[in-house]
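Asks: Test case, fold it:
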Amino acid sequence: MKLKKDSSDKKLRGAYYTPKLLADAIVNLFTTENFNSILEPSCGDGVFIDSLAHAGLLNDTCIVDAVEIDSDESEKVKDRYHDNENVHVISEDFLNFYNNIPDNNKYDLILGNPPYIRYQYLTSVQRTLQSRILTDQGMKANKLINTWVAFLVACVQLLSENGKIAFVIPAEILQVAYAEDLRLYLSNHLKKITLITFKELVFSDIEQETIVFIGEKSSEQNGISIIELKNVDDFSKNIVKKADFQSMKHVKEKWTKYFLDSSEIRLIQKIRNSPYFLKFSDYGIINVGITTGNNEYFSITEETNEKYRLGNATVPLIGRSSHAHGIYFTEKDWETNKSSGKKARLVIFPDIPLSHYPIGYRRYISYGKSIEKNQGYKCSIRDKWYIVPSVWVPDAFFLRRNQLYPKFVLNRCGAVSTDTMHRIKFNDGVDPENVLLAYYNSISFAFTEICGRSYGGGVLEILPGEVGNIMLPRIENINVAKRTDLLEKIDIMIRNNDDIEKVLDIVDQEVLVNILGIDNKWCEKCRIIWKKLQGRRLGRS
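Replies: Numbering: from 1, shown residues only. Predicted structure coming up:
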């Protein structure tokens, strides 16, 4: 992450200007309507005002307020429209503009591309104003929330009784935890929501996936719809008109589920309510892996281990996805990782006086200080920077970031993991092998995509609380020999990099259908859901 002093003025203002083609397409949605008032809360170079003019929406009966914090940009827009008395260009921070606007000042249409500014780049005044906008609507205000969230909330508040809003915003609204309150707020304040997504990036200079958010306060048709397009060229009024809408639940849940059709969403709800399934969290505690403060330093190879003679101060480490070969992490796996040069040990220095340490330990600590490994925030706040806290050996691991699917691996050699993996401690009475077998099926895999979130490069990230919401079939009374045979097959197939769908085929049929009596159509439909959501994610890689 760049520090504020290293960032460009454009980046600090969150100014990523909307392509004219996209602005035209958005404005074109509203050309047949009559508006008395329009607001552009962050007009930038005036592209949306230009699109309004081109579409004939700047007429004698419509007042347009365009707010822009950058005085140079606002002056350029003023110069272009100085002959139009109905276009008011206001050189001001929108957060301040909203704070001072009269309660009865409402807009029929609000559109634009709000700034994408992280909390740490805001001034203290902006932070206060942003916090007030959110908390006034019963939402949480914290350091994770980006400015575009406050802009969206404020603008919905400024809509007239029949008002409409169209914003270009980050696609993270669909899935990130910090937007939970926002999703609930929008579902409570808007009757109809249309989300237009693009497989190709809208902004070539950033890898942030964006969507077009369209909301209506009053509409004959209630609900939410997601429209997937290849790129901006495919964006047309007709495509939006033909959108299918689903009933919108007034909850904080991720909106990624609306990529599914109504029958698929109903099935997901059935599974959640079914007595044949439990949440992953019902089986144990799911935590982030060990937070070392510097994985590069505390994770070591055999070469480093031998150089500093650190063996007695290390534990076996499963460091990343390439370390997990099958569904078990065994002593043999660990030996293979060590011999291949992987960082397969985690340094865990004892909490005793430094003077009691062997010379090798002290040399490695001195080396760490010489390259400033002690200066990182998490290391620097410890009493002894080189002692890693919260070390315990888990029963299993769950990979945090994944490409095709998340691996769930039982711990068979007393290993630990860093925060690249989650660690699991099963409840008393839980048979880990039952849980392991219960995971590798089409239904649970569908929930990994529903519960997780995708980022640039098509990576699926799934956090501990999200892992906890994955639904697993209840396997309680199963023939042990049968279970062992199935798990051995699965382990071999995954180690051989066989197609994971072959694994799902086996567990779906032999466990879910034959043993548990679950309808095979559930498995087939969940396989489609998994492939659909996975395909969308990987399509952006």
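Asks: Could I get the full set of helices for the stretch 201-350 of the chain?
Replies: 237-241, 262-273, 295-298, 302-308, 331-339 (DSSP state H, counting those that start in this stretch).
Asks: Output the ones you listed as CSV; include the columns distance to Leu58.
Replies: C-beta here means a position set from N, CA and C on the backbone, and glycine is covered the same way. Compiled in CSV, those are given as follows (distance: least, Cβ to Cβ, whole Å):
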stretch, distance to Leu58
helix 237-241, 19
helix 262-273, 40
helix 295-298, 56
helix 302-308, 67
helix 331-339, 65
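Asks: want to throw the ones you listed into CSV with mean pLDDT, mean neighbour count and distance to Glu216?
Replies: Shown next, in CSV, are the helices of the stretch 201-350 of the chain (pLDDT from 0 to 100; neighbours: other Cβ atoms under 10 Å; distance: least, Cβ to Cβ, whole Å):
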stretch, mean pLDDT, mean neighbour count, distance to Glu216
helix 237-241, 81, 12, 12
helix 262-273, 94, 14, 20
helix 295-298, 97, 18, 47
helix 302-308, 97, 16, 61
helix 331-339, 97, 16, 55
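Asks: Which among the ones you listed is found nearest to Lys373?
Replies: Nearest to Lys373 among the helices of the stretch 201-350 of the chain is helix 295-298 (4.4 Å), distances taken as Cβ to Cβ.
Asks: Which neighbouring elements make contact with that closest one?
Replies: Where contact means 3 or more Cβ pairs under 8 Å, 6 or more residues apart in numbering; DSSP states H and E, helix 295-298 is packed against strand 345-347.
Asks: and the next element down the chain from the strand it packs on?
Replies: Later in the chain than strand 345-347, the nearest helix or strand by DSSP states H and E is helix 359-370.
Asks: Could you list every helix and strand that that next one packs against?
Replies: Here helix 359-370 touches helix 302-308, going by 3+ Cβ pairs under 8 Å, 6+ apart.
Asks: Kindly format the C-alpha coordinates of the helix it packs on as CSV.
Replies: Taking Å, rounded to 0.1, in the frame of the first residue of the first chain, the C-alpha atoms of helix 302-308 are listed here in CSV:
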residue,chain,number,x,y,z
GLU,A,302,16.0,-26.4,6.0
GLU,A,303,19.0,-24.4,4.8
THR,A,304,18.2,-21.6,7.2
ASN,A,305,17.4,-24.1,10.0
GLU,A,306,20.8,-25.7,9.6
LYS,A,307,22.7,-22.4,9.3
TYR,A,308,21.4,-21.1,12.6
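Asks: for it, packing partners?
Replies: Partner elements for helix 302-308 (3+ Cβ pairs under 8 Å, 6+ apart): helix 359-370.
Asks: I'd assumed Leu195 was in contact with Ile226.
Replies: Yes - counting by Cβ atoms under 8 Å, Ile226 touches Leu195, with 4.7 Å between them.
Asks: Common neighbours of those two, please.
Replies: Common contacts of Ile226 and Leu195 (Cβ atoms under 8 Å, 6 or more residues apart in numbering): Trp255, Tyr258.
Asks: Provide a list of residues in contact with Met248.
Replies: Ser187, Ile193, Asn222, Gly223, Ile224.
Asks: and the residue nearest to Pro114 when sequence neighbours are not counted, how many residues sit next to it?
Replies: Sequence neighbours aside, Phe151 is the residue nearest to Pro114 in space, at 3.6 Å (criterion: Cβ to Cβ, 6 or more residues apart in numbering). Applying other Cβ atoms under 10 Å, we find 27 residues neighbouring Phe151.
Asks: what packs against the host helix or strand of Phe151?
Replies: Phe151 belongs to helix 147-157 when assigned by DSSP H and E. Using 3+ Cβ pairs under 8 Å, 6+ apart, the elements in contact with helix 147-157 are helix 94-100, helix 124-135, strand 159-170, helix 180-189.
Asks: So which residues make contact with it?
Replies: Here helix 147-157 has contacts from 14, 39, 41-42, 94-95, 98, 110, 114-117, 122, 126, 129-130, 133-134, 137, 139, 165, 167, 169-170, 178-179, 182, 185-186, 189-190, 213, 215, 217, using Cβ under 8 Å, 6+ apart.
Asks: in the chain, which ranges drop under the pLDDT threshold?
Replies: For the chain, the stretches with pLDDT under 70 are 1-16, 203-207, 456, 540-541.
Asks: longest helix anywhere in it?
Replies: helix 520-538 (DSSP state H).
Asks: Kindly provide the distance from Ile224 to Asp233.
Replies: For Ile224, the distance to Asp233 equals 25 Å [Cβ to Cβ, to the nearest Å].
Asks: Show me which of the two is the more surrounded one.
Replies: When Ile224 and Asp233 are compared for neighbours, Ile224 comes out ahead with 20 against 12, by other Cβ under 10 Å.
Asks: give me the beta-bridge partners of the more buried one?
Replies: In this structure, Ile224 bridges to Ile193, Gln246 when assessed by DSSP bridges.
Asks: I figured it hits Lys257, correct?
Replies: No - in this structure, Ile224 is not within contact of Lys257 by Cβ under 8 Å, at 10.0 Å.
Asks: so which of the contacts of Met248 comes closest to Lys242?
Replies: Taking Cβ to Cβ as the measure, Lys242 lies nearest Gly223 of the contacts of Met248, at 14.3 Å.
Asks: which SS class is Glu501?
Replies: Following DSSP: H, G, I helix; E, B strand; the rest coil, we place Glu501 in the helix state.
Asks: tell me, how many neighbours does it end up with?
Replies: By other Cβ under 10 Å, 15 other residues sit near Glu501.
Asks: what about it, distance to Arg474?
Replies: Glu501 is 23 Å from Arg474, by Cβ to Cβ.
Asks: next one: Phe329
Replies: When distance is defined by Cβ to Cβ, Phe329 is 25 Å away from Arg474.
Asks: Look at these two and report which has more neighbours.
Replies: The neighbour count for Phe329 versus Arg474, taken as other Cβ under 10 Å, is higher for Phe329 (25 against 14).
Asks: Test my guess that that one contacts Gly319.
Replies: No - with contact defined as Cβ under 8 Å, Phe329 does not reach Gly319; the gap is 10.9 Å.
Asks: can you count the residues close to Pro316?
Replies: Neighbour count of Pro316, defined by other Cβ under 10 Å: 21.
Asks: if I read this right, it contacts Ser417, doesn't it?
Replies: No - between Pro316 and Ser417 there is no contact under Cβ under 8 Å: 10.0 Å.
Asks: about what we covered before: can you give me the angle the helix holding Phe151 makes with helix 180-189?
Replies: 20 degrees (axes from the mean of the first three to the mean of the last three Cα atoms, to 10 degrees).
Asks: returning to that earlier point: among the helices of the stretch 201-350 of the chain, which comes closest to Leu346?
Replies: helix 295-298 (5.9 Å).
Asks: need the contact list for the residue lying closest to Thr210 once chain neighbours are set aside.
Replies: With sequence-adjacent residues excluded and distances taken as Cβ to Cβ, 6+ apart, Thr210 is closest to Val202, at 4.7 Å. By Cβ under 8 Å, 6+ apart, the contact set of Val202 is Pro19, Leu22, Val168, Thr210, Val232.
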